[in-house]
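Enquirer: take a look and give me a structure for this.
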Amino acid sequence: MRQAPRPAALARGLVLFAHLLLFAACSAVSVRPDPPALSRPVPVSVIVRAWHTEIGLRAEDLTGPLAGLRARFPGAGILVFSFGDRRYLAAPDPGFGDMLLATLPAPGALLVTGISTAPEAAFGAPNVVRLMLSEDGARRAVAYVSNSFAHSETGALVALGDGPYPGSLFYAASIPYALTHTCNTWTAEVLAEGGAAVSADGVLLADQVAARARAVQAAP
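Expert: Just a heads-up that it's a prediction; the model follows:
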């Protein structure tokens, strides 16, 4: 005749059985991954100056070679980038002859200006269109601006000299200026690269960039 299990052995068996049940229950529970972090909107500014447009980017959003500009413009919260004809932009007092020369294809230049106030305060609210990009879109826009600069063999930006405004500098561009690819075309390209619904197709004039940017700003 088999002996009845001892109380201690029975208790150990029940504990082991309970652990097995608990392990099976835990292994059947699916672990949900953490939700992806939400992308924070990044502001960019379109600045309209009569026939000319510029793009304003936050200094904190600059990466790659452009990150070095923070040291060149200490205290500037916004850096304003402007593309144009190198001869015209660099002329100390551009006149009608310089304007005529600017109608011909020529090496391009970028003017960088640092501002420590909001663009609306620096240029007037009616002259600024503020748009919001995704974090990934802002990175693409910054990369597009960076690729528009000429770079030395060491990867540094190629400075050309002081700009016309206090705290502004000229840099060589990697792309040429032409009547079919103006400062306004370039501004629209930066926005399009950043994911804003602003097409650069057919853009030559500042009013075209401003109208398309304001349409995006007004959209729900």
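Enquirer: so where do the strands sit in the protein?
Expert: 42-49, 52-58, 78-85, 106-115, 128-133, 159-162, 168-177 (DSSP state E).
Enquirer: how far off strand 106-115 does the second one point, in degrees?
Expert: Counting by axes from the mean of the first three to the mean of the last three C-alpha atoms, to 10 degrees, strand 52-58 points 50 degrees away from the direction of strand 106-115.
Enquirer: got it, and the last one?
Expert: An angle of 150 degrees separates the directions of strand 168-177 and strand 106-115 when computed by the same axes, to 10 degrees.
Enquirer: point to the residue nearest the middle of the chain.
Expert: residue 138 (2.9 Å; C-alpha atoms, centre = their mean).
Enquirer: for that one, which non-adjacent residue is spatially closest?
Expert: Spatial nearest neighbour of residue 138, excluding adjacent residues (C-beta to C-beta, 6 or more residues apart in numbering): residue 42 at 3.8 Å. For glycine as for every other residue, the C-beta is placed from the backbone atoms N, C-alpha and C.
Enquirer: what's the burial count for residue 129?
Expert: 25 (other C-beta atoms under 10 Å).
Enquirer: pretty sure it is touching residue 212, no?
Expert: No: using C-beta atoms under 8 Å, residue 129 is not in contact with residue 212; the gap is 9.4 Å.
Enquirer: circling back: so what's the residue nearest to residue 138 up against?
Expert: If a contact means C-beta atoms under 8 Å, 6 or more residues apart in numbering, then residue 42 has 58, 61, 132, 133, 134, 135, 137, 138 as its contacts.
Enquirer: helices of the chain, residue ranges please.
Expert: Here the chain has its helices, by DSSP state H, at 7-28, 69-72, 86-90, 96-101, 119-123, 135-148, 183-193, 206-218.
Enquirer: any idea which of the ones you listed has the lowest pLDDT on average?
Expert: The weakest mean pLDDT among these belongs to helix 7-28, with a mean of 40.
Enquirer: quick one: buried residues of stretch 138-148?
Expert: 138, 139, 140, 141, 142, 144, 145, 146, 148 (16 or more other C-beta atoms under 10 Å).
Enquirer: cool, and stretch 166-185?
Expert: For stretch 166-185, by 16+ other C-beta under 10 Å, it's 167-173, 175, 177, 181-185.
Enquirer: just stretch 211-220 next, same as before
Expert: Neighbour-count burial for stretch 211-220 [16+ other C-beta under 10 Å]: 212, 213.
Enquirer: so what touches that stretch?
Expert: 46, 129, 130, 131, 188, 191, 196, 197, 198, 199, 203.
Enquirer: so what's the closest residue to the third one other than its chain neighbours bridging to?
Expert: What sits nearest to residue 130 in space, not counting adjacent residues and going by C-beta to C-beta, 6+ apart, is residue 45, at 5.2 Å. Beta bridges link residue 45 to residue 56, residue 130 when assigned by DSSP bridges.
Enquirer: cheers, nothing more for now.
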